[in-house]
Structure formats: C-alpha cells, structure tokens
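Chemist: When you get a sec, could you give me coordinates for this:
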Amino acid sequence: MALQEQALPLGGVAPDRTGNFRTDHLLVAEMIGRGAKVLDVGCGDGELLQLLESRGIDGRGIELSREGVNRCVAKGLAVVQGDADTDLVNYPDDAFDYVVLSQTLQATRQPKVVLENLLRIGRRAIVSFPNFGFWKMRLQLLIGGHMPRTENLPATWYDTANIHFCTIKDFVELCDAINVKMERAVALDLYGRPVPLNLPWWVWNMFGEQGVFLLSRGRVGR
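Modeler: Numbering: from 1, shown residues only. As a prediction, this is how the structure comes out:
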C-alpha cells in the first residue's frame, strides 16, 4: 500500500497557541473528547495530564522514573510507577478510551509490542515521536559524520535513553505491518508548525521534526 493511502492528515495547531504547553501536547488534547478516560504512558512530570484535566478529561499516568512519579503526585495527578515494556501487559483489554505514548516510543525496548499493547488497552492510541528522518539529522550524519543531536534530542549517543529511533516512514510501515489504522496524522516542523497536508509523504519525512498519530485497530482478518 502506498504511503499516501495509509493516513488521514489532521489540521494542526498554530504555534502561537502553545502558551505554557508543548504544541504536540495541544494536538494530543484536541484529539480527545471531554469525559474520555485516558492513560498517559511515560507521562514524565505530568504536563500533558494537567492539560487533559483542564479540558475535562479523566487522565491517569504511568511513569518509569520515581522522580517523575513524585512530581506528578505532588500536583495531585493519578500516576503510578511502571515500565511500558513490562507493565502494560497487566492492564485489561479496553480499559481506556485512549492510551497516549508521547515522545516515548523510541525509548522502549520493544516498540512493536508496546504499540500492540496500547491498542489492546485502549480503543484508540495517540503516539508522538521524534522523526529521525528530519533533514537536520540527515545533515549531521552526512556532513558531520556523527550521531545527530537537536534541541528535542540533546543527549549524546552514549548517554541517551533513546534506543529505537525511527522515521515517520518507518512508523507508517510498522502500522501497516501490524494492521493498525491511522485515523489522523500530523508532522510538525522545526518551529512546531504542521507540515502542509497537500505535500507528499517524503516531504513529511524530510521536514517533519516529529510526528503525531491517532491510531485505532484495523479490521480483523484483513
């Protein structure tokens, strides 16, 4: 299946609307309806959960670091310590309306298994990740000859938690391979602006610094 046939792009959020929140978090929040039950996997310090709560969304979180859990609990958020690679299997099917994995996919040991668990636990999943096909990363590899570093990915190769980088194209192909339906998709550029929807996928893969995808289960027996 051609890439253009696999996703339905979503109009993005203008960068001047970010305020105190990240643009990708605002996109995630706009994909979720009021009153929905949400699990944020790898919720960090709870910034996204706070945004969801402010919009009448019932958010819970799971976070690997004890420091992150403590910060969330101090804010009054419902967060437990856990590992996406090992603990998602303990959640029952269809426990949430949405399961969110924001900027965490590349740090998991088994991204494919994690993605499958997201869509088992939730009726829909929202996944965002840094695009390793972004032009600045390609240029650093081509000209500099070293592993890329950007504002969003500042760590050096030897001390980063990120172990499974992928491109937007890679992620689209993974979704197709495991029969995941892409309901909406957004590529955000260096400044947090959506890459125009009428451009071909290779442009998204080149100029999108990160991707945000709304996913659901594909048809059984496809």
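Chemist: pLDDT weak spots in this protein?
Modeler: 1-19, 220-222 (pLDDT under 70).
Chemist: Pick out the residue nearest the middle of it.
Modeler: By CA atoms, centre = their mean, the chain has its centre lying nearest to residue 128, at 1.8 Å.
Chemist: what helix or strand is it on?
Modeler: strand 122-130 (DSSP states H and E).
Chemist: Buried ones in the helix or strand just after that strand, by neighbour count?
Modeler: Downstream of strand 122-130, the first helix or strand assigned by DSSP H and E is helix 135-139. Neighbour counts over helix 135-139 (16 or more other CB atoms under 10 Å) mark residue 137 as buried. C-beta: built from backbone N, CA, C; applies to glycine.
Chemist: Show me what helix 135-139 is packed up against.
Modeler: Contacts defined by 3 or more CB pairs under 8 Å, 6 or more residues apart in numbering; DSSP states H and E place helix 135-139 against helix 201-207.
Chemist: partners of the next helix or strand after the helix it packs on in the sheet?
Modeler: Past helix 201-207, heading to the C-terminal end, the next element that is a helix or strand (DSSP H and E) is strand 210-217. With DSSP bridges as the test, strand 210-217 is paired with strand 122-130 (antiparallel), strand 180-188 (antiparallel).
Chemist: looking at those strands, which is buried most?
Modeler: Sort these by mean neighbour count, taking mean count of other CB atoms under 10 Å, and strand 122-130 sits at the top with a mean of 24.
Chemist: what about the strands paired with strand 210-217, which gets the closest to residue 23?
Modeler: Closest of those to residue 23 is strand 180-188, at 6.1 Å (criterion: CB to CB).
Chemist: And the helices in this protein?
Modeler: Taking DSSP state H, the helices of the chain run over residues 23-30, 47-54, 66-74, 84-87, 111-121, 135-139, 168-177, 201-207.
Chemist: possible to save those helices as CSV with distance to residue 219?
Modeler: Output for those, formatted as CSV (distance: least, CB to CB, whole Å):
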stretch, distance to residue 219
helix 23-30, 25
helix 47-54, 29
helix 66-74, 37
helix 84-87, 26
helix 111-121, 13
helix 135-139, 35
helix 168-177, 13
helix 201-207, 23
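Chemist: Return the distance of the strand holding residue 128 from the chain's centre.
Modeler: Centre-to-centre, strand 122-130 and its host chain are 5 Å apart (CA atoms, centre = their mean, to the nearest Å).
Chemist: Please apply the same query to stretch 97-107.
Modeler: 5 Å.
Chemist: Can you name the residues in contact with that stretch?
Modeler: 24-25, 28, 31-32, 36-43, 48, 84, 111, 114-115, 118-119, 121-130, 152, 161-166, 171, 210 (CB atoms under 8 Å, 6 or more residues apart in numbering).
Chemist: Alright, that wraps it up for me.
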